[in-house]
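3D model of this:
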Amino acid sequence: MDETTANCFNVATHLTQGDHSVTIIDSQVHAYEANTPDRPWDSSPNWPDHVTGPEMVAAMDSVGVDGAILVSAFSLYRYDASYAVEVRNAYPGRFGLVKPVDPLDPGVADVIANWKQTPGTVGIRIMMTRAPLSPSQWMGDHSHPGLDLILRASVRHDFPVNLLCWDNLEAGISLIDRHPDARFIIDHLGILQPRTPPAPPSPWAQLSKVLELASRQNAVIKISGACTLSNAGYPFPDIWDHLARVFDAWGLDRCLWGTDWTRAFAVVDYKQAVEPFHLTDRLTESDCLLYTSPSPRDLSTARMPSSA
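Alright, predicted model coming up:
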């Protein structure tokens with residue numbers, strides 16, 4: 001990470017709220033261009049036609065979010081993170097970069113080494129719900145060779161691994177247990193989240209597995225997309241009892257606040273994804289100190305948005 005980007009994820013860049021200087025970092029956002037022949041989408045999710053870098057920055061500025069982890073949009077671009085790199089270069093200091101990597105690419109270790117040399121990079125991502133591997137290959141006693149390559153490279157290059165395993169938690173737990181030297185970030189509370197309303201009748205059914213996963217000390221968890229799990233509507237008051245259990249199990253210093261905008265746009269706009277954490281009375285001022293850098297070793301003293 002270059003010096004400018006590093007400052008974004010440390011207290012050198014901060015927001016003043018009352019008597020307190022704080023940094024608010026969103027642990028996962030996406031930005032992308034409209035679908036064109038020059039940069040075609042791989043699929044067409046029910047997202048806005050475009051949320052470009054300038055549009056993402058404007059949304060962040062409108063609610064006082066200082067920086068974000070820009071995760072290259074797998075649904076659209078698969079393993080090509082070139083647009084995310086362009087956005088970060090246009091707004092140095094506002095974004096850190098995460099790129100999905102392909103366990104079936106025999107050159108994936110070189111891909112990760114090259115990614116490490118890219119300014120602004122802060123991690124890689126494994127898509128355990130999207131992979132072309134079979135469930136038995138994910139859950140077998142022996143790692144798929146591509147996963148071993150990725151995890152060894154992540155340790156070598158000091159990259160945390162963002163892990164999307166929200167409908168495949170057992171596989172995620174198995175992977176984490178097989179690689180105790182690697183550092184993992186569990187995406188989106190480890191709970192399958194809807195793209196469109198309403199939330200399923202029992203959206204927190206897998207919560208007990210998420211709480212059990214907290215015993216793995218080489219993992220932290222994103223509190224991202226939580227509002228999409230509400231059956232109560234804005235400002236989503238029914239999420240807090242469940243989130244309190246997550247905070248208790250994981251500890252606030254292992255929780256990374258985020259919105260997962262734009263995946264959830266049909267449920268919430270960016271402001272609605274941020275404001276519930278301003279409005280709630282379930283978080284004290286000290287509770288709002290959540291680490292929101294993707295690396296547990298260089299965590300910023302950053303805050304979840306708070307009215308405190």
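
which stretches of the protein form helices?
Applying DSSP state H to the chain gives helices spanning 3-8, 53-62, 74-77, 82-90, 108-116, 135-139, 145-156, 169-178, 207-213, 240-250, 270-274, 276-279.

which stretches of the stretch 201-308 of the chain form strands?
Counting by DSSP state E, counting those that start in this stretch, one finds strands in the stretch 201-308 of the chain at the ranges 219-224, 255-258.

which of the helices of the chain is buried the deepest?
helix 270-274 (a mean of 22; mean count of other CB atoms under 10 Å). For the C-beta atoms, the positions are set from N, CA and C on the backbone; glycine is no exception.

The strands of the stretch 201-308 of the chain: which one's closest to A266?
strand 219-224 (16.1 Å; CB to CB).

neighbouring strands for the closest one, and are they parallel or not?
Partner strands for strand 219-224, per DSSP bridges, with pairing direction: strand 184-186 (parallel), strand 255-258 (parallel).

now that strand and helix 240-250, what's the angle there?
160 degrees (axes from the mean of the first three to the mean of the last three CA atoms, to 10 degrees).

What mean pLDDT does strand 219-224 get?
Mean pLDDT, strand 219-224: 96.

before we move on, the earlier item: which one, of the helices of the chain, ends up nearest to K99?
Nearest of the helices of the chain (CB to CB): helix 108-116, 5.5 Å.

mean confidence score for the closest one?
On average, helix 108-116 scores 98.

just stretch 175-194 next, same as before
Mean predicted lDDT for stretch 175-194 stands at 95.

Now it - C-alpha only, PDB.
The C-alpha trace of stretch 175-194 is given here as PDB (Å, rounded to 0.1, in the frame of the first residue of the first chain):
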ATOM      1  CA  LEU A 175     -10.600 -23.700   4.800                       C
ATOM      2  CA  ILE A 176      -9.800 -21.400   7.800                       C
ATOM      3  CA  ASP A 177      -8.900 -24.400   9.900                       C
ATOM      4  CA  ARG A 178      -6.600 -25.800   7.300                       C
ATOM      5  CA  HIS A 179      -4.700 -22.500   7.000                       C
ATOM      6  CA  PRO A 180      -4.100 -21.200  10.500                       C
ATOM      7  CA  ASP A 181      -1.300 -18.900   9.300                       C
ATOM      8  CA  ALA A 182      -3.500 -17.100   6.800                       C
ATOM      9  CA  ARG A 183      -5.800 -14.100   7.800                       C
ATOM     10  CA  PHE A 184      -9.400 -14.200   6.800                       C
ATOM     11  CA  ILE A 185     -12.200 -11.600   6.600                       C
ATOM     12  CA  ILE A 186     -15.700 -13.200   6.500                       C
ATOM     13  CA  ASP A 187     -17.800 -11.300   4.100                       C
ATOM     14  CA  HIS A 188     -21.300 -10.100   4.900                       C
ATOM     15  CA  LEU A 189     -21.700 -11.600   8.400                       C
ATOM     16  CA  GLY A 190     -21.300 -15.100   6.800                       C
ATOM     17  CA  ILE A 191     -25.100 -15.000   6.200                       C
ATOM     18  CA  LEU A 192     -26.800 -15.300   2.800                       C
ATOM     19  CA  GLN A 193     -28.400 -11.900   2.100                       C
ATOM     20  CA  PRO A 194     -31.100 -11.000  -0.400                       C
END
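
re the thing from before, dump the helices of the chain into JSON lines; add distance to R263 as well.
What follows is the helices of the chain, written out as JSON lines (distance: least, CB to CB, whole Å):
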{"stretch": "helix 3-8", "distance to R263": "22"}
{"stretch": "helix 53-62", "distance to R263": "13"}
{"stretch": "helix 74-77", "distance to R263": "8"}
{"stretch": "helix 82-90", "distance to R263": "15"}
{"stretch": "helix 108-116", "distance to R263": "22"}
{"stretch": "helix 135-139", "distance to R263": "22"}
{"stretch": "helix 145-156", "distance to R263": "23"}
{"stretch": "helix 169-178", "distance to R263": "19"}
{"stretch": "helix 207-213", "distance to R263": "19"}
{"stretch": "helix 240-250", "distance to R263": "19"}
{"stretch": "helix 270-274", "distance to R263": "10"}
{"stretch": "helix 276-279", "distance to R263": "17"}
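
low pLDDT regions in the protein?
Confidence mapping of the chain against pLDDT under 70 gives the ranges 1-22, 130-143, 285-308.

Pretty sure S154 is one of the things K116 touches, is it not?
No. With contact defined as CB atoms under 8 Å, K116 does not reach S154; the gap is 9.9 Å.

my read: L192 touches Q206, true?
Yes. With contact defined as CB under 8 Å, L192 counts as touching Q206 (7.4 Å).

Settle it for me: which of the two has more neighbours?
Using other CB atoms under 10 Å, the more surrounded residue of L192 and Q206 is L192, with 19 against 16.

That one: what's it in contact with?
Contact analysis of L192 by CB atoms under 8 Å, 6 or more residues apart in numbering lists W166, D167, Q206.
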